[in-house]
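Q: Coordinates only, no sequence provided:
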């Protein structure tokens, strides 16, 4: 159970941000899998594609899966959180002013970019 919750929480956070800011979950999930969970960049991308399989990533995930670069369990658990988080984020977003959403999106992008550029693995 202790290794399930962190993946579900990641999915929840990615879902909330996706619903709130209209971003794809991969912008949150991939850096988290690399920097928090210790995945390689390839494994993080493959796993993220797997959680989007129906219907988005089915063709994109196949080469990753064939090379063993997909953690199916992590993808399924993140997906559980993402479904709930997306609903929560969407509900919050419709009540916020446009400029607040725009600034929130910009801050998220800057934070992820700074992490990847200056404090990489």
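A: Yep, it's here. Predicted model only: the values in this text are computed from it and were never measured.
Q: which stretches of the protein have low pLDDT?
A: Applying pLDDT under 70 to the chain flags residues 1-2, 53-57, 120-121.
Q: Do a quick rundown of the strands in it.
A: For the chain, no strands are identified by DSSP state E.
Q: Run through the helices of this protein in chain order.
A: 5-21, 26-35, 41-51, 58-66, 72-93, 98-118 (DSSP state H).
Q: Give me the contacts around the shortest one.
A: With contacts defined as C-beta atoms under 8 Å, 6 or more residues apart in numbering, helix 58-66 is touched by 42, 45, 46, 49, 50, 52, 53, 70. For every residue, glycine as well, the C-beta is placed using N, CA and C.
Q: switch to 6 Å and redo it
A: 46, 49, 50, 53, 70 (C-beta atoms under 6 Å, 6 or more residues apart in numbering).
Q: any idea how far that helix is from the chain center?
A: Helix 58-66 has its C-alpha centroid displaced from the chain centroid by 18 Å (C-alpha atoms, centre = their mean, to the nearest Å).
Q: Need the outlier residue of the protein, farthest from its centre.
A: Centroid-distance maximum for the chain: residue 97 at 24.2 Å, with C-alpha atoms, centre = their mean.
Q: ok, that residue to residue 104 distance?
A: Applying C-beta to C-beta, to the nearest Å, one obtains 11 Å for the distance of residue 97 from residue 104.
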